[in-house]
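**Q** Need the 3D shape of this:
(2 chains)
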2 protein chains.
Amino acid sequence: MNSKDGYEWTEEGGLRQGVPSIGLILPASNLSSSNDVFDVIVIGAGYTALTAARDATTSGLRVLLLEARDRIGGRSWSSNIDGYPFEMGGTWVHWGQAHVWREISRYSMRKDLEISQDYSHGVNSHTLFTATSEKHNLSHESEDIIMESAIKKFINVDGKLGHSVMPFPHDPQHNPEVLRFDNMTAADRISEIESDLTALEYSALKSFILLCSGGTLATMSFYEFLHWWALSGYTYEGCIEYLVKYKFHGGQSSFAINFWNEAMQTKKLSYVFNCPITSVSDDGRSVEVTSEDGRQFRALRVICTIPLNVLNTITFSPPLSPQKSAAANTGHLNQCVKVHAEVSNKELRSWSAVDPSSKLLYAFGDGTTPAGNTHIVAFGANETHLDPEEDIKKTSQILTDLVDMDIKRLVFHNWSKDRYAKGAWFFPGKEFVTKYLEELRARHGNVFFASSDWAVGWRSFIDGAIEEGTRAAFDVHRDLRRSTHGS
Amino acid sequence: MNSKDGYEWTEEGGLRQGVPSIGLILPASNLSSSNDVFDVIVIGAGYTALTAARDATTSGLRVLLLEARDRIGGRSWSSNIDGYPFEMGGTWVHWGQAHVWREISRYSMRKDLEISQDYSHGVNSHTLFTATSEKHNLSHESEDIIMESAIKKFINVDGKLGHSVMPFPHDPQHNPEVLRFDNMTAADRISEIESDLTALEYSALKSFILLCSGGTLATMSFYEFLHWWALSGYTYEGCIEYLVKYKFHGGQSSFAINFWNEAMQTKKLSYVFNCPITSVSDDGRSVEVTSEDGRQFRALRVICTIPLNVLNTITFSPPLSPQKSAAANTGHLNQCVKVHAEVSNKELRSWSAVDPSSKLLYAFGDGTTPAGNTHIVAFGANETHLDPEEDIKKTSQILTDLVDMDIKRLVFHNWSKDRYAKGAWFFPGKEFVTKYLEELRARHGNVFFASSDWAVGWRSFIDGAIEEGTRAAFDVHRDLRRSTHGS
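**A** Here you go, the predicted model:
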């Protein structure tokens, strides 16, 4: 069955909205009566919500999960098209990411990972376009050398590659001096080192950091990139390892469904999909949640996992704190677009490219489909935004401008136009973390906020989502125990 | 209050057995009647058992925990002597260790870590003795260069520093070719590269790998060290990061107590400390556990976390499989001794030493006590075994042979003479992993075996213990659900 989400294009079928996924939940609801007062309402069904709902139900709480979409996974879900999982959002995981790896291990999925890169095929090389559109064909070794050199120059604000300003990546403000880098954009930092960058280095750097932020150089926070770098072990090799290397053979939805099934098996999970909500009203004893179609649901506590960029579409009563509201109105700036191309060119499996001027500025071979075709994944950022569905011919042209390819299929999810996301993974502008992060993590009466968008560790990642879902379920459980037992 | 475990020596007090710890549980039992049939009996109270008991109780199961000692923590516990936590066993943790970090994050302890090394004091140097007892004073930079060079020569069996023979450290046999290295001891591997090692490198290498194994070069498995190396990111810097760098400011027991408290708060945990058990008898429907003092306890399932080297002191009925018995009789070979010295020499905080011929072959400054003294930690291996309590004067002499120091206090736990451990963390001889690991992980009727000694990932580490406790609770819960619901 198809989710309503995502797009698929083929020559024969044209452009169709909606792609099949095992993350689709049918029937869309198991709720018999909405008069119940639940222990917890979890708003959302991404990894944060799935983790929170699973932990809460397995610890004995009665949970109602409300989700606007028809599927689980939020900003991380995979298609099942002709036996192949195209990853529509969050993709890669690593055993050094504690929260996600604990779950992979617990669900016995440690052998279900595969490596995106495979440097054993025909076009085993890297195409690098400079900012002036000069094309260079390089070995992957040269690609690594240029990338590493460029990123090290960018990151080396302390002569220790960030080690001394951010010694504990999971307590990132351990050294408070690091906060001054949140007053700096990527462009600010580039201006300090520009004269030291070669044209190739500039191109590699720009593409890589825009790949990370999905934003623009002039707006993305340098601090946030520094945090990614520290989390990745302060090396370029670590960045590749953690950010774009290991993915699920069966796709993200094959992982997410385990959380769902475990919660369902407790028989304590009620749920309603296709149920966008409009307001959350806390009377101090319990919380009423109202859906777009006017249904009302009630629980002692609410765990709200609505992404930052959508938070201000919900009416809270009492209203959110001025700081939380300001954060929601500011939002984050990641408008990444990710386009999958299934191409008949087997030889492109080992190819990669960066082109900082392209609307798809970072691309590489990511797999071989059951039909024997190569799967290419390509990313664009808000620097030059693309809505792929608006002009498929143009989207194809952008890809073939990178390298000659014979496109059989395109698959993508336009997160920017997705009304329940309004963007991809969290990436903030400058001063956002300093001003808002702590406040975004705070509870609001009986409403607990949880999202990878304000995780402490691997913020923006699946790991951060599970970190936050774990935290929310822990806090709510403790809170309910206290109010019941007075202890 | 003092645990019976551990030793403390001071000039004034002499040698005393037993040291204070917040891991001591009083009263020693909360069991009102032993006629109950529990859902699960958890044998042990180390991290594996604590995790299993916590996960089982929070998911609603009624648990009885039986522990031979008077305290929680098993082979990882810390003293509270004059406000300072001497770590009697397992010490260091890292955010790249998924299971332990997930718990640190969940218990909001991410800011409770500190760094063992502090290279800012007087004797900011490294003393390296060669095998022929030549003494070299080196900078820490030189220490790193020698160590790194030596270990790389040792590990580089594939020209890729282990990457190609063990590409997935958490699926270590992903490339089955790696198994041939389990037929090899460290001595076997050294003989292949010996001519390429300088005298300093040999000394550094021998000390480091014996620090890891607590065994002997002639017996320790090369495969197992290769696994540690891969887990540590295939770098020497990674080894230091993961193995000996970040520890709890308040000691391991300040972490372990959180698991205990959470399980207790469910009101589903019964427990008996000071209760060594002698037999486990499974009649196919439930399991009877008998203690040394003749008490009998019964549950539907048992999670047995007894360490490998002690497993053959328990009578199982029906008997363990021949392979499990053979594994237990073979045991592992880690007889590490760890000695803490509190010394008045402030200037030694930044000092470190290796001496492959010493009974304490690896030592370094590990902290400053509230009294302003330096805390030195030193390790010995079975290559030249030491029982520190047998001759305190000799033990002190071994330390002062490394460097001049004025010893105010010695603290240690003799794990080799500990009848409930019979050794330190797991480190196997050759062929052990190949022959026994899978079988050790298998259930035996209604008895589930869980221990860091046979974890898949960070085997031997606190992380591996939590991995195993998580697995056991998950498996038992699923098993009980199936037998109740038939689903």
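
**Q** low-scoring stretches of chain A, by residue?
**A** Residues of chain A that meet the criterion pLDDT under 70 lie in A:34, A:485-487.

**Q** List, one by one, the residues from it near chain B.
**A** A:58-60, A:95-102, A:105-106, A:110-111, A:113, A:115, A:167-171, A:174, A:233, A:265, A:456-457, A:467, A:470-471, A:474, A:481 (Cβ under 8 Å from any Cβ of the partner chain). (Each C-beta comes from the backbone N, C-alpha and C, glycine too.)

**Q** Strands along the stretch 51-200 of chain A, start to end?
**A** Assigned by DSSP state E, counting those that start in this stretch, the strands in the stretch 51-200 of chain A fall at A:63-66, A:113-115, A:126-129, A:135-138.

**Q** Please work out which of those is packed deepest.
**A** Stretch with highest mean neighbour count among the strands of the stretch 51-200 of chain A: strand A:63-66 (a mean of 26; mean count of other Cβ atoms under 10 Å in any protein chain shown).

**Q** Please tell me I have it right and residue A:79 contacts residue A:411.
**A** Yes: using Cβ atoms under 8 Å, residue A:79 is in contact with residue A:411, at 6.1 Å.

**Q** returning to what we had before: list buried residues within the residues of chain A next to chain B.
**A** In the residues of chain A next to chain B, burial by neighbour count holds for A:58-59, A:95-102, A:105-106, A:110, A:113, A:167-171, A:174, A:233, A:265, A:456-457, A:467, A:470-471, A:474, counting by 16 or more other Cβ atoms under 10 Å in any protein chain shown.

**Q** Helices - which of these land there?
**A** Assigned to helices by DSSP state H, the following of those qualify: A:58, A:98-102, A:105-106, A:265, A:467, A:470-471, A:474.

**Q** which of those sit farthest apart?
**A** A:98 and A:265 (24.8 Å; Cβ to Cβ).

**Q** So what sits opposite residue A:221 in the bridge?
**A** Here residue A:221 shows beta-bridge partners residue A:185, assigned using DSSP bridges.

**Q** Tell me who's in contact with it.
**A** A:181, A:182, A:184, A:185, A:186, A:427, A:428, A:429, A:430, A:431, A:432, A:433 (Cβ atoms under 8 Å, 6 or more residues apart in numbering or on different chains).

**Q** Check residue A:467 too.
**A** The contact partners of residue A:467, taken as Cβ under 8 Å, 6+ apart, are A:98, A:99, A:452, A:455, A:456, A:457, A:458, B:105.

**Q** Residue A:334 versus residue A:324, what's the distance?
**A** Distance, residue A:324 to residue A:334, by Cβ to Cβ, to the nearest Å: 20 Å.

**Q** who's more crowded, those two?
**A** Neighbour totals were compared for residue A:324 and residue A:334, and residue A:334 leads with 25 against 19 (other Cβ atoms under 10 Å in any protein chain shown).

**Q** hang on, isn't the more buried one packed against residue A:432?
**A** No: assessed by Cβ under 8 Å, residue A:334 is found out of contact with residue A:432, at 11.8 Å.
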